[in-house]
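Asks: Predicted structure and sequence below. I'll ask about it afterward.
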Amino acid sequence: MRHEYYYYDKEQFLKAPKLPVTVLPDNETVFRAIAQEMADEIKRKNALGEHTVFICPVGPVGQYPYFVELVNNEDISLKNVWFLNMDEYLTDDRAWIDKEDPLSFRGFMDRAVYDRIRPELVMPQEQRVFPDPEDPGRMAELIRKLGGVDICFGGIGINGHLAFNEADDTLSAEEFRNLHTRVLEISRETRTANAIGDLNGAIDDMPRYCVTIGMNEIINARKIRLGCFRDWHRSVVRHAAYGEISAHFPVTLVQEHPDALLRVTEFVAKLPHEI
């Protein structure tokens, strides 16, 4: 069956999407917009004397240098901020990969974010949270304790996954929506796409397992903000905006969210023949 929306030009794509879409000129503009929204929300919550809770990705990551710059230049305190990272790769024994592994999301956040923020501004270690394969239920419990997630930031995978919530044709949309933080096997499609980006195509060296925050935790965030900028995102964002809601392409569940936004570049909004 041919999916007509995959072939929508920019005008058709923006005509009637089922979730809000904004088109920005280039990657830098997308990443700066994400970083600015992060900083603005933290400043707003700080002014109210309230804590800020974000679900954060390692992919996309281009927002973090701009976010670090904003925090350091504007003296934005993160002392009352919680970063709940989406996921982490696991070994074949279902344990976190070593933080020193170049693929480790925990290592990335230390090197690219926490170590670059002035010590007097950065949040304490206990507020830098990753899903734990030995205690996956802690994430939902922590979110409840914190009063919910203010904003979930993320990207979209090749098969429509958010975090590592891999597509599953055996589940209904409602069943998929109720999935919580868990350990799972990463799909061949995701491992291939990630190997191209992270290991020059060395798929045999990509981890086979991960721990991921659940779709339930993502969907229940008060806001969802997604950014897409790669060449294969052209079809992904069209499916996200026009496909039927299903576990076959998990990001379609975001169509039902009351405050979601998909930021894409001009490169993604246009098909090759339009450029």
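Replies: Sure thing, it's come through.

Asks: Would you map the helices across the protein?
Replies: Along the chain, counting by DSSP state H, helices occupy 10-15, 27-48, 63-74, 105-112, 137-146, 173-177, 188-198, 215-219, 233-242, 266-269.

Asks: Mind giving me the packing neighbours of the fourth one?
Replies: The one in question is helix 105-112. Here helix 105-112 touches helix 63-74, strand 81-85, strand 87-90, going by 3 or more CB pairs under 8 Å, 6 or more residues apart in numbering; DSSP states H and E. All C-beta spots, glycine's among them, are computed from the backbone N, C-alpha and C.

Asks: between those, which gets nearest to residue 270?
Replies: Taking CB to CB as the criterion, helix 63-74 is the member of these that comes nearest to residue 270, at 22.5 Å.

Asks: related to what we said a few turns ago, which one of the helices of the chain lies nearest to residue 128?
Replies: helix 105-112 (6.8 Å).

Asks: Just the CA atoms of the closest one, as PDB, please.
Replies: Only the C-alpha atoms of helix 105-112 are listed here, as PDB (Å, rounded to 0.1, in the frame of the first residue of the first chain):
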ATOM      1  CA  PHE A 105      24.400   8.500  27.100                       C
ATOM      2  CA  ARG A 106      25.400   8.900  30.800                       C
ATOM      3  CA  GLY A 107      28.900   9.700  29.700                       C
ATOM      4  CA  PHE A 108      27.700  12.100  27.100                       C
ATOM      5  CA  MET A 109      25.600  14.100  29.500                       C
ATOM      6  CA  ASP A 110      28.500  14.400  31.900                       C
ATOM      7  CA  ARG A 111      31.000  15.500  29.200                       C
ATOM      8  CA  ALA A 112      28.700  17.800  27.100                       C
END
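
Asks: re the thing from before, mind putting the helices of the chain in a markdown table, distance to residue 251 included?
Replies: Putting the helices of the chain into a markdown table (distance: least, CB to CB, whole Å) gives the following:
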| stretch | distance to residue 251 |
| --- | --- |
| helix 10-15 | 15 |
| helix 27-48 | 17 |
| helix 63-74 | 19 |
| helix 105-112 | 20 |
| helix 137-146 | 20 |
| helix 173-177 | 11 |
| helix 188-198 | 13 |
| helix 215-219 | 10 |
| helix 233-242 | 5 |
| helix 266-269 | 14 |
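
Asks: on that earlier part again, can you redo the helices and strands packed on helix 105-112 as CSV with distance to residue 200?
Replies: As requested, these are exported to CSV (distance: least, CB to CB, whole Å):
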stretch, distance to residue 200
helix 63-74, 23
strand 81-85, 25
strand 87-90, 17
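
Asks: Looking at the ones you listed, which is nearest to residue 112?
Replies: Evaluated with CB to CB, the helices and strands packed on helix 105-112 place helix 63-74 nearest to residue 112, the distance being 5.2 Å.
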